[in-house]
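Colleague: kindly return the folded structure for what I paste below:
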Amino acid sequence: MKSLSAPVRRPHENRPAPPSRSGIRTIAPGRRPTGTGSVLGAILDHGPVARSTVARLTGLSPASVSGHVGRLLARGLVREAAETAGPKGLGRPHVPVEIDTAGYLVAGAHIAVAHSTVSLMDLRGRIVAEDRQPHRTTEPGRLLAGLAARLPRLVAAHAGGRAVLALGLATGHRVDPLTGVIVEHPHLGWHDVPARDILSAATGLPVHVDSHARALVRAEQMFGEESTRNSAVLLFVGAVVDAAFASEGAMHRGPRSGAGSVAHLPLGAGGTGGAHPCTCGRTGCLQSEVSERAMVRRAEAQGLFVGSFPELLERAVAGDGRAVALFRLRARLVGRAAALLLDMFDPEVLVVVEPGAARIPQCLADLRAEVAERSWICDDPERAVVPTSFTGTVPATAGGAVALGALYVDPLGPWPALPAVS
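Modeller: The predicted model follows:
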């Protein structure tokens, strides 16, 4: 495999997008859906659904919808369901259409700080299988090659004869989805890693790459929290702390793929005191106060010795008072950042990806209370601040959502496993 140690220029130095070694054109993430994509999205949201209803939902003409549905049927992405009669048996029967999950899957890969997850997802966003393993190495070429090597075994065991359309890769920090490059991942020591090219060459699949925060917003919009359809901010709190913002179906990335870099957001006075310096050299940064590493360090400082963050979480879920108190403190600090993001973007909803908010009832209440106290914009934290829809499957969902999001944007695009249609 090609060495990744040679210096390369950063995206802001106007380098051209690296060519895909697989020769497969990829779809630019964040694009608005094509006409066929809008129809496919309406079927995902409402299926089984009549063509006439799809026309009303999308604003397309009935004839146009029929043409789009015909192409989706020919590609095997939708199927016709049983006929339904009109009201009281009057009128012509309707033949509704729905997403066809029998023929195809997408694959996902998620790279966390300590482990990686490979998954399979059906076209309705349901996890079919996942395989999570700790890193044996963080050298980018070897780690990505290992991900690719795990995929065929997962397909053989769980695909049930369904073809894999594409592979989606998600990870934290700065990711450029247009070039498929992981621009910077300080926790792994990665800079300008051409992940799309490496994985395309290793798997032969179309590969789509994005940040896990943007991937999870897209997952919420496709098959998660309904209130995210209009606009949403997602705040991810784990070993990495970052965020994403979407409005009217479009994802904001920024010209340097840096949108959502909230790790060094200052929490201000009244926090933990910021005794431990952040990697940036300052104290009181969001990531240095609420990351998994900070939680384990704080637990040990209070005499609660745990081997890992998951162990600390399980002790809190089981009712250990000291562990619960640590997660409630974390929730209040996260709530402070959430209030700032709500005031900055004024989204319809803010989704929090943080296990305490999802699994410990007091934590979500504390987080919302902090938002109520600090936000000038949010007048209903109960409605506006919600936990992720994917508790327990976040890594598996993030990777698959990158690929599935590209499919729903442009289902007639470059998908080699699908039949060609005119």
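
Colleague: so how many other residues sit close to S52?
Modeller: With neighbours defined by other Cβ atoms under 10 Å, the count for S52 comes to 12. Every residue, glycine included, has its C-beta placed from N, CA and C.

Colleague: now do the contacts for it.
Modeller: Counting by Cβ atoms under 8 Å, 6 or more residues apart in numbering, S52 makes contact with 62, 94.

Colleague: what's the spacing between it and H46?
Modeller: 12 Å (Cβ to Cβ, to the nearest Å).

Colleague: likewise for S231?
Modeller: Distance, S231 to H46, by Cβ to Cβ: 21 Å.

Colleague: which of the two has more neighbours?
Modeller: Using other Cβ under 10 Å, the more surrounded residue of S231 and H46 is S231, with 19 against 15.

Colleague: beta-bridge partners for the more buried one, please?
Modeller: S247 (DSSP bridges).

Colleague: that one reaches A250, doesn't it?
Modeller: No: contact criterion Cβ atoms under 8 Å: S231 and A250 do not qualify, at 9.6 Å.

Colleague: what about stretch 371-383, start to end distance?
Modeller: 12 Å (Cα to Cα, to the nearest Å).

Colleague: show me how far it is from its chain's centre.
Modeller: 25 Å (Cα atoms, centre = their mean, to the nearest Å).

Colleague: which is the succeeding secondary structure element to the lowest-mean-pLDDT helix or strand in the chain?
Modeller: One helix or strand of the chain scores below all others by mean pLDDT, DSSP states H and E: strand 250-252, with a mean of 89. Downstream of strand 250-252, the next assigned helix or strand under DSSP states H and E is helix 286-290.

Colleague: what average pLDDT does the next helix or strand after that following helix get?
Modeller: Toward the C-terminus, helix 286-290 is succeeded by helix 292-301 as the next helix or strand (DSSP H and E). Averaged over helix 292-301, pLDDT sits at 94.

Colleague: using CSV, list the CA coordinates for the following helix or strand past helix 292-301.
Modeller: Next along the chain after helix 292-301, taking DSSP H and E as the criterion, comes helix 309-317. What follows is helix 309-317, C-alpha atoms only, in CSV (Å, rounded to 0.1, in the frame of the first residue of the first chain):
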residue,chain,number,x,y,z
PHE,A,309,-15.0,5.3,30.3
PRO,A,310,-17.5,2.5,29.5
GLU,A,311,-16.9,1.1,33.0
LEU,A,312,-17.7,4.5,34.5
LEU,A,313,-20.8,4.8,32.4
GLU,A,314,-22.1,1.3,33.5
ARG,A,315,-21.5,2.2,37.1
ALA,A,316,-23.6,5.3,36.7
VAL,A,317,-26.4,3.5,34.9
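
Colleague: for helix 309-317, packing partners?
Modeller: helix 292-301, helix 321-345, helix 355-359 (3 or more Cβ pairs under 8 Å, 6 or more residues apart in numbering; DSSP states H and E).

Colleague: ok, and for that helix, which residues are buried?
Modeller: Across helix 309-317, burial judged by 16 or more other Cβ atoms under 10 Å covers 309, 312-313, 315-316.

Colleague: could you do stretch 319-327 as well?
Modeller: Across stretch 319-327, burial judged by 16+ other Cβ under 10 Å covers 323-324, 326-327.
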